[in-house]
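Enquirer: Here's my sequence, what's the structure:
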Amino acid sequence: MREFQALYYPYASVGDTAFLKAALLYFDKLWLIGSHDSVEDTEGEFRELLEDRTLVECIYGDELVFANAGILQDAISADLEDQNFLDLTHGPGGVWEIYEDKGVAAVDYLLGPLHSRGRRIAIPYERGESFLLNLVLLAAGSDPRRLVPLTDQESHHAVLHHKLRRGAGSHLQRLYGDVLDRAHAESLVSLVGRDLVRTELPTPGELREIPLEKLKDFRERYREDRDRLRDKLFLMIDQALGEEDVGLSARLRMRIEALIHEQVRTLEHDRAWSTRIIGGLRAAGGAVEAAAKELTSSLTGVPVQFGLAAGGAAASGHILDFIKEQVSQLRLSDVTYLYRVRAEFGG
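Expert: Numbering: from 1, shown residues only. Here you go, the predicted model:
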């Protein structure tokens, strides 16, 4: 099973690390584009995350910049000549503050006017956005892990999505490389990951107080369930890409929502019935007690119409056989992992 890793952007630090916790319930690992100064400034739980290289790791921006300075210069120039890009970045206004040791010196003539603020440089917003998002594309496109861009802010996602669509067939092919050949696919994968983190997985508020060790233990215990969910989503993406490219993102989103809503709700409905029926099973005693224990630890319930009127040994055996069959089937649900996440953490 291949690993599925995300590149969090555009910040070197994260205001609320609970978002990263939610993302780690879906991705194997997260990467950030930072600098030596930004890592040094990291404190609290975010530092704890960065210190665990199995969860989060840093890509140093200065190394990306100096290895690709010419490409980056062309990319920033193209952005600043693109009216749609300027329109998308006009709204926020203000400035970007970027760590000076992130490599800004290699493209400083495109980023001015620059103002030093301690170890950071203040850059006009649209120029800072271009610098950072082109670093994202450099990192995602050149890394053999095929990192999927992931952000918790819609404005940055909209700009990156525009750049991916604009890049195909342009003179920036040498920047994006083969990423442009699959721009729609990567963008769709990014959407799936981002939307699951934001809507189907627990909220930052629900995860804020969860210890990292508990999160790591959960990831390890239910790795197979998580991989099965991702395989299903990748299959849906591949199928969508083989269709006519009209409203592709919207169609795919509807299919994924239908899959999740239908199957997760079915599991939740079954579990609700299970809670009510377990008492009856235990009251019957004998073999049914074993059935109740298995039911308690499983994801499925017994349809109410099956009934518990008979309490004899034969009925107990039938109930046990039925439960085993249901557990066997529903443990293979595409969305079992999402159900487990909700049961453990909320969401």
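
Enquirer: what's the distance between the closest residue to P204 other than its chain neighbours and T54?
Expert: Using CB to CB, 6 or more residues apart in numbering and skipping the chain neighbours, the partner closest in space to P204 is A18 (3.4 Å). Where C-beta positions appear, they are placed from N, C-alpha and C, glycine not excepted. A18 sits 19 Å away from T54, going by CB to CB, to the nearest Å.

Enquirer: gap between the residue nearest to P204 and F46?
Expert: Going from A18 to F46 by CB to CB gives 10 Å.

Enquirer: cool, and G61?
Expert: The spacing between G61 and F46, counted by CB to CB, is 17 Å.

Enquirer: just the strands in the stretch 1-150 of the chain please.
Expert: Using DSSP state E, counting those that start in this stretch, the strands of the stretch 1-150 of the chain run over 5-8, 29-34, 56-60, 95-99, 115-117, 120-124, 148-150.

Enquirer: For the ones you listed, give me CSV that also has mean pLDDT and distance to L138.
Expert: Listed next are the strands of the stretch 1-150 of the chain as CSV, based on pLDDT from 0 to 100; distance: least, CB to CB, whole Å:
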stretch, mean pLDDT, distance to L138
strand 5-8, 89, 10
strand 29-34, 92, 9
strand 56-60, 90, 9
strand 95-99, 90, 15
strand 115-117, 83, 25
strand 120-124, 91, 18
strand 148-150, 83, 11
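
Enquirer: Show me where this structure dips below the pLDDT cut-off.
Expert: 1-2, 92-93, 142-146, 167-192, 194, 241-249, 269-332, 347 (pLDDT under 70).

Enquirer: right, and the strands of the stretch 1-150 of the chain - which one's nearest F85?
Expert: Nearest to F85 among those is strand 120-124 (13.3 Å), distances taken as CB to CB.

Enquirer: other SSEs contacting that closest one?
Expert: Judged by 3 or more CB pairs under 8 Å, 6 or more residues apart in numbering; DSSP states H and E, the packing partners of strand 120-124 are strand 95-99, helix 108-111, strand 115-117.

Enquirer: Just checking: what are the partner strands of it?
Expert: Looking at strand 120-124 with DSSP bridges, its partner strands are strand 95-99 (antiparallel), strand 115-117 (antiparallel).

Enquirer: Contacts for the longest one, please.
Expert: It stands for strand 95-99. 12, 34-35, 37-38, 61, 104, 115, 117, 119-125, 127-129, 131-132 (CB atoms under 8 Å, 6 or more residues apart in numbering).

Enquirer: of the residues you listed, buried ones?
Expert: When the contacts of strand 95-99 are checked for burial by 16 or more other CB atoms under 10 Å, the buried set is 12, 34-35, 38, 61, 104, 120-125, 127-129, 131-132.

Enquirer: okay, the helices and strands packed on strand 120-124 in CSV with distance to A158 next?
Expert: Converted to CSV, these look like this (distance: least, CB to CB, whole Å):
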stretch, distance to A158
strand 95-99, 16
helix 108-111, 22
strand 115-117, 27
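
Enquirer: Comparing those, which stretch has the densest surroundings?
Expert: Among these, strand 95-99 has the highest mean neighbour count (mean count of other CB atoms under 10 Å), at a mean of 20.

Enquirer: In TSV: the strands of the stretch 1-150 of the chain, plus distance to P202.
Expert: Shown next, in TSV, are the strands of the stretch 1-150 of the chain (distance: least, CB to CB, whole Å):
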stretch	distance to P202
strand 5-8	17
strand 29-34	16
strand 56-60	18
strand 95-99	30
strand 115-117	36
strand 120-124	33
strand 148-150	16
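
Enquirer: For T199, find the nearest of the ones you listed.
Expert: Smallest distance to T199 across the strands of the stretch 1-150 of the chain (CB to CB): 13.9 Å, for strand 148-150.

Enquirer: Quickly run through the sheet partners of the closest one, with directions.
Expert: The partner list of strand 148-150 in its sheet, established with DSSP bridges, is strand 5-8 (parallel).

Enquirer: just the CA coordinates of the partner strand, formatted as PDB?
Expert: C-alpha atoms of strand 5-8 as PDB (Å, rounded to 0.1, in the frame of the first residue of the first chain):
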ATOM      1  CA  GLN A   5       1.300  12.300   2.100                       C
ATOM      2  CA  ALA A   6       0.200  16.000   2.200                       C
ATOM      3  CA  LEU A   7       2.000  19.300   1.900                       C
ATOM      4  CA  TYR A   8       0.400  21.800   4.300                       C
END
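
Enquirer: Spatially nearest residue to H90, not counting backbone neighbours?
Expert: Leaving aside its sequence neighbours, H90 sits nearest to E126 (CB to CB, 6+ apart; 7.1 Å).

Enquirer: And the one you found, how close does it get to L64?
Expert: Using CB to CB, one gets 20 Å for the distance from E126 to L64.

Enquirer: Then R253?
Expert: According to CB to CB, R253 and L64 sit 31 Å apart.

Enquirer: If you count surrounding residues, which of these two has more?
Expert: Set R253 next to L64 and count neighbours by other CB atoms under 10 Å: L64 wins out with 20 against 16.

Enquirer: quick one: the more buried one from H36, how far?
Expert: In terms of CB to CB, L64 sits 13 Å off from H36.

Enquirer: And V136, by the same measure?
Expert: As judged by CB to CB, V136 and H36 stand 19 Å apart.

Enquirer: quick one, which of those two is more surrounded?
Expert: More neighbours surround V136 than the other of V136 and H36, with 23 against 15 (other CB under 10 Å).

Enquirer: Against E129, how distant is that one?
Expert: From V136 to E129 the distance is 10 Å (CB to CB).
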